[in-house]
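Visitor: could you work out the structure for the sequence below:
(4 chains)
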Protein chains: 2
Amino acid sequence: MLRLSIDESSAVPVHQQLKQAIMLDILSERFQSGDRMPSIRSLAKILKINPNTVAKVYYTLEEEGFVEGKRGSGYILTAKRSRTDKFREGLLESEVKSLLEKALSLGFTKKDLLEIMRRLLENG
Amino acid sequence: MLRLSIDESSAVPVHQQLKQAIMLDILSERFQSGDRMPSIRSLAKILKINPNTVAKVYYTLEEEGFVEGKRGSGYILTAKRSRTDKFREGLLESEVKSLLEKALSLGFTKKDLLEIMRRLLENG
DNA sequence: ATAATTGTATTAATGTAATAATACAATTAT
DNA sequence: ATAATTGTATTATTACATTAATACAATTAT
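Guide: Below you'll find the model as predicted:
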């Protein structure tokens, strides 16, 4: 359940770190449909950040349909597996697409890209 | 020679757009060693942006060893082909690496990644 | 019923990136 | 020599993202 830490010194803003960490837990199924989220205040206390920052992140997650919150009772993760799986794939696909675009604009061919890919997959 | 435009409405800052556009021209060899850069003021006028913004970009390009500037005479692109080629490859490699990391953290396997890659390369 | 806990909303403070204004210095062209 | 053009440096302004402070409202637990 939500084992995450915030790097205060990092240049990437706290809310972004937090959201990404939660999203990762959701998409990798470490955190599942029906699970309760920690309350805004308790999570803020644990991470030593402002409650508003947590609230903001929860709100964006709600807008995207992953969680639902109610006054007095807290937030619950509601996204079904089918949804998170689809999202997860779409995310990777768009990343690959943008990589492809970048590679082509730099003058690489598709073949070049596949070769570099294979090499890194084997070595790393 | 440097055919670029600035999107004022974009969220990505002007200096970043400009730098990326110039870098693209350098790395794709549309702009070559020995070529003169447009003067700071003239480019600023064409793009309708502040000269300081152009100067800032030129300065960072100079720090990275791609161009050299002299008072009164202007900036010249000095990076040799071997250098730009190496840079270009390193850039792509690091992009692929970060993609790989992201994919793995999302629970994809290397095989998954290669498959998605192949599919997108064929379709797009 | 009452207290504690939960999320919500509003407003303010802060820090910093981005841009701009202006004056200075070297080179080049006339 | 002089004017025009080039880059440099300093400082100020602006805008915006980020974070924080505080008060409000609904639910839950006692």
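
Visitor: identify the residue nearest residue A:18 in space, chain neighbours excluded?
Guide: Here the nearest residue to residue A:18 in space, its sequence neighbours aside, is residue A:57; by Cβ to Cβ, 6 or more residues apart in numbering or on different chains that works out to 5.0 Å. In this view, the C-beta of every residue, glycine as well, is placed from N, C-alpha and C.

Visitor: got a list of contacts for the host helix or strand of the one you found?
Guide: According to DSSP states H and E, residue A:57 maps onto helix A:51-63. Outside helix A:51-63, the residues within contact range by Cβ atoms under 8 Å, 6 or more residues apart in numbering or on different chains are A:14-15, A:18-19, A:22-23, A:37, A:40-41, A:43-44, A:47, A:67-69, A:75.

Visitor: chain center to the very next helix or strand once past that helix: distance?
Guide: Sequence order places strand A:67-70 as the next helix or strand after helix A:51-63, per DSSP H and E. The chain centroid and the centroid of strand A:67-70 are separated by 18 Å under Cα atoms, centre = their mean, to the nearest Å.

Visitor: which other helices and strands contact the lengthiest helix in chain A?
Guide: Identified as the longest helix of chain A according to DSSP state H is helix A:81-105. Contacts defined by 3 or more Cβ pairs under 8 Å, 6 or more residues apart in numbering or on different chains; DSSP states H and E place helix A:81-105 against helix A:14-27, helix A:110-123, helix B:81-105, helix B:110-123.

Visitor: the helix holding residue A:57 to helix A:14-27, inter-axis angle?
Guide: 40 degrees (axes from the mean of the first three to the mean of the last three Cα atoms, to 10 degrees).

Visitor: what count of nearby residues applies to residue A:67?
Guide: Neighbours of residue A:67 under the rule other Cβ atoms under 10 Å in any protein chain shown: 25.

Visitor: what residues does it make contact with?
Guide: A:37, A:58, A:61, A:75-79.

Visitor: gap between residue A:11 and DNA strand C?
Guide: 7 Å (Cβ to the nearest atom of the strand, to the nearest Å).

Visitor: related to what we said a few turns ago, contact partners of the longest helix of chain A?
Guide: Contacts of helix A:81-105 (Cβ under 8 Å, 6+ apart): A:26-27, A:29, A:32-33, A:65-66, A:79, A:110, A:112-113, B:24, B:28, B:92, B:95-96, B:99, B:102-103, B:106-108, B:113, B:116-117, B:120-121, B:124.

Visitor: which among the contacts of helix A:51-63 end up buried?
Guide: Buried residues within these, counting neighbours by 16 or more other Cβ atoms under 10 Å in any protein chain shown: A:14-15, A:18-19, A:22-23, A:37, A:40, A:43-44, A:47, A:67, A:69, A:75.

Visitor: kindly format the C-alpha coordinates of the helix holding residue A:57 as CSV.
Guide: Written as CSV, here are the backbone C-alpha positions of helix A:51-63 (Å, rounded to 0.1, in the frame of the first residue of the first chain):
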residue,chain,number,x,y,z
PRO,A,51,-2.6,18.9,2.7
ASN,A,52,-3.6,21.0,-0.3
THR,A,53,-0.9,19.4,-2.4
VAL,A,54,-2.3,16.0,-1.7
ALA,A,55,-5.9,17.2,-2.3
LYS,A,56,-4.8,18.6,-5.6
VAL,A,57,-3.4,15.3,-6.7
TYR,A,58,-6.4,13.4,-5.5
TYR,A,59,-8.6,15.8,-7.4
THR,A,60,-6.8,15.3,-10.7
LEU,A,61,-7.0,11.6,-10.2
GLU,A,62,-10.7,11.9,-9.7
GLU,A,63,-11.1,14.0,-12.8
